[in-house]
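Asks: Pasting the sequence and the predicted model now:
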Amino acid sequence: MAAMGGNRAAAVDRAYKRFDDGSYLELLRKLVAIPTESQVSSRLPELYQYCSTLAGPVLDNLGFKTEVLDNPHSGAGPVMLALRIEDPAKPTVLIYGHGDVVRGIDSQWRAGLDPWQITVEGDCIYGRGTADNKGQHLIAIEGMRAVLQERGSLGFNAKVFIETGEEVGSPGIAEFLSLHRDRCAADVFIGLDGPRQTTFVPEIKLGARGAVAFDLIVRLREGAHHSGHWGGILADPGFILAHALSTMVSKTGQIQVQRWTPAKIPEPVRRACAGLLFEDLPNLPKSDQNWGEPGLSLAEKIFAWTSVVILAYRTGDPGGPTNSVQPEATARLQVRHTVDISGEDIIPALRRHLDDRGFQSVAIEPIKDRDMFLAARTDPDEPWVRMVAQSLERTTGRAPNVVPNSSGGNPSRVFMDTLGVPVIWIPNSYAGCSQHAPNEHALAPLLREGLGIMAGIWWDVGADGR
């Protein structure tokens, strides 16, 4: 370690050099090579292996005290917790990442690519986990390495929290945090995950929309009946369900169910949305301008409003239709919402809506799995948010996008509720990264920039001493 002192620019430059000399990429190769598919139950040993690989050779050597701890949820992957306490009077940062990945889907990757091997083609760094999330939490760790080498200390207390079940809904994490609340206690949560809106503007995200999933089911009778003999005199569940759905969302996408949308968008959130920049990327769909809530901007529709999606609709056998009046129809829906409405009231509000319109025959069955998660949002005016935003601008020369909450899911709420900390996400991927799909990749310029960004943030947290 260097002697106490140094300067911010030199620390940031050290972080860039970790990318330029191949040190960062070499370590990422080792992490990607471990097939940490949390959706595959037989991969539990690999989840433990990943935590041990990151704990010993990496964090122990940076002065952290590391442990690989069992998850209280039976069969779920472990948590790696690494602590470096320099001075209890100094601020403490809880740094989050997840070591698990979705299925490799090996056979579907392009020729010459392997999900468990890093392949570099131009600016694209291919491999499962390069973007989601191994490459990102490694940025946070390597940023601390640069500060330690330059200043000799962080200037704050750091706790690195790596879970291995995020891709299956973070089972057991709420219980884990309750069991280890004191060991995980911090002043702020900083996680690195997800894509940002542009490749040219750094970004902060402040939570996540929640999600509620459920099935709508119309069951009218046992068995199907000949369409020639019974069509026109037996009620058709497919049409009944279609009419029920049409009362919930208008033909232009406006939500009609009361209490599913915010009474208003909070002013700090509206200001944050107004300042967001977006980037059109090739091979991605264009938004339909006439779909959704009238009068809202694109950013407000994505980050400050409710969305409803029909994930699946089924009556009969679509792959082999028969000439029959079907006995039932089913649709699975997902509602994503901000903290401005209650997720617990989504289904009761829908029940009232359907009953008021004569659709008592439409049953609602909640889905209690990873399609359910709670909404969370840190106030964009929170002092930690302002400090991180200023640090990002200082490093990159560009004011960051400050996104009120992620449009996707993450475990923000459990950390906010259990630890009482503001939650800040700093994504270093982009929308075209193919996360959760074949050919996942990270962009070299974003990884390199992320290393400098995180070194700058860690330097500023230690320098401010707040």
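Replies: Okay, I see it. Numbering: from 1, shown residues only.
Asks: which residues sit in contact with the residue positioned nearest the centre of the chain?
Replies: Central residue of the chain (Cα atoms, centre = their mean): Asn410, 3.8 Å from the mean position. If you count contacts by Cβ atoms under 8 Å, 6 or more residues apart in numbering, Asn410 has them with 166, 191, 193-194, 207-208, 373, 425. For glycine as for every other residue, the C-beta is placed from the backbone atoms N, C-alpha and C.
Asks: now Ala431
Replies: By Cβ under 8 Å, 6+ apart, Ala431 lies in contact with 195, 197, 279, 281, 284.
Asks: Skipping its backbone neighbours, what lies nearest it in space?
Replies: Pro195 (4.9 Å; Cβ to Cβ, 6 or more residues apart in numbering).
Asks: what about the one you found, how many residues close to it?
Replies: 22 (other Cβ atoms under 10 Å).
Asks: how many other residues sit next to Pro72?
Replies: For Pro72, using other Cβ under 10 Å, the count is 16.
Asks: doesn't Leu179 make contact with it?
Replies: Yes. Using Cβ atoms under 8 Å, Pro72 makes contact with Leu179 at a distance of 6.4 Å.
Asks: Quick check: the gap between the residue lying closest to Asp236 once chain neighbours are set aside and Phe239.
Replies: For Asp236, ignoring the flanking residues on the chain, the nearest one in space by Cβ to Cβ, 6+ apart is Val325 at 6.1 Å. Computed as Cβ to Cβ, to the nearest Å, the Val325 to Phe239 distance reads 10 Å.
Asks: returning to what we had before: among the contacts of Asn410, which are located in helices?
Replies: If you go by DSSP state H, the contacts of Asn410 have nothing in helices.
Asks: Let me have those residues in a markdown table, adding neighbour count, pLDDT and distance to Trp116 as columns.
Replies: Below are these laid out as a markdown table (neighbours: other Cβ atoms under 10 Å; pLDDT from 0 to 100; distance: Cβ to Cβ, whole Å):
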| residue | neighbour count | pLDDT | distance to Trp116 |
| --- | --- | --- | --- |
| Glu166 | 26 | 94 | 19 |
| Gly191 | 25 | 98 | 24 |
| Asp193 | 24 | 96 | 21 |
| Gly194 | 27 | 93 | 22 |
| Gly207 | 27 | 95 | 32 |
| Ala208 | 26 | 94 | 29 |
| Phe373 | 23 | 81 | 28 |
| Trp425 | 25 | 98 | 27 |
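Asks: how does the protein divide into domains?
Replies: 8-208+375-464, 210-266+290-366 (automatic domain parsing).
Asks: Point out the one among these that comes closest to Gly275.
Replies: domain 8-208+375-464 (6.8 Å; Cβ to Cβ).
Asks: Centre of the chain to the helix or strand encompassing Ala158, how far?
Replies: Using DSSP states H and E, Ala158 sits in strand 157-163. Its chain's C-alpha centre and that of strand 157-163 lie 18 Å apart, by Cα atoms, centre = their mean, to the nearest Å.
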